[in-house]
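>>> following is a predicted model, sequence given first.
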Amino acid sequence: QVQLVESGGGLVQPGGSLNLSCAASGFILDAYVIGWFRQAPGKEREQVSRFSSSDGTTHYADSVKGRFTFSRDVAKNTVYLQMDSLKAEDTAIYYCAARSPYKTEYDYWGQGTQVTVSS
């Protein structure tokens, strides 16, 4: 069964940090393009990070550049999103997703994890 499961969300004060995890089962995560997305209430879904194992490149949205860091553990078939210097506007449900390098649409999605930044 193909599955992505996120964890690590929660409530954090502005300026704080969280480390989200996304564990894959049923497929090899490293063979796919991995994306982290977020969606806040009333807003469109935004891609915050993307990693391509084919060339080892990582891309970040301007809104998170310098604050968020993508990483992966191939042995655990898991990717992470380290989020530092969190702001209230980072509050959203965060999703990980995977797609074939030969496609533009993401094939697999996790269920999401809530991140709330508030004092």
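That came through, no problem.

>>> going forward, measure contacts and count neighbours with C-alpha atoms only.
Will do.

>>> may I have the secondary structure class of the residue most central in space within the chain?
Nearest residue to the geometric centre of the chain (C-alpha atoms, centre = their mean): Trp36, 2.8 Å. Three-state call for Trp36 (DSSP: H, G, I helix; E, B strand; the rest coil): strand.

>>> how about Pro14?
Put simply, Pro14 is coil when judged by three-state DSSP.

>>> which intervals of the protein have sub-threshold pLDDT?
Scanning the chain for pLDDT under 70 picks out nothing.

>>> tell me where it has strands.
Here the chain has its strands, by DSSP state E, at 3-7, 10-12, 18-25, 33-39, 46-52, 57-60, 68-73, 78-83, 92-99, 108-109, 113-117.

>>> which of these sits most buried?
Most buried of these by mean neighbour count (mean count of other C-alpha atoms under 10 Å) is strand 92-99; its value is a mean of 24.

>>> got the contact list for Ser52?
Ser52 makes contact with 32-34, 58, 101, according to C-alpha atoms under 8 Å, 6 or more residues apart in numbering.

>>> what about it, distance to Tyr32?
Going from Ser52 to Tyr32 by C-alpha to C-alpha, to the nearest Å gives 7 Å.

>>> then Arg50?
Distance of Arg50 to Tyr32, computed by C-alpha to C-alpha: 11 Å.

>>> repeat that for Asp55.
Going from Asp55 to Tyr32 by C-alpha to C-alpha gives 11 Å.

>>> so for those two, which sits in the more crowded spot?
Neighbours per residue, other C-alpha atoms under 10 Å: of Asp55 and Tyr32, the larger number sits with Tyr32, 21 against 7.

>>> Ser100 is in contact with the more buried one, correct?
Yes. Using C-alpha atoms under 8 Å, Tyr32 is in contact with Ser100, at 5.1 Å.

>>> count the neighbours of Gly26 for me.
The local packing of Gly26 (other C-alpha under 10 Å) involves 9 other residues.

>>> name the nearest residue to it, sequence neighbours excluded.
Val2 (4.3 Å; C-alpha to C-alpha, 6 or more residues apart in numbering).

>>> quick one, what contacts that neighbour?
Val2 touches 24-27, 108, counting by C-alpha under 8 Å, 6+ apart.
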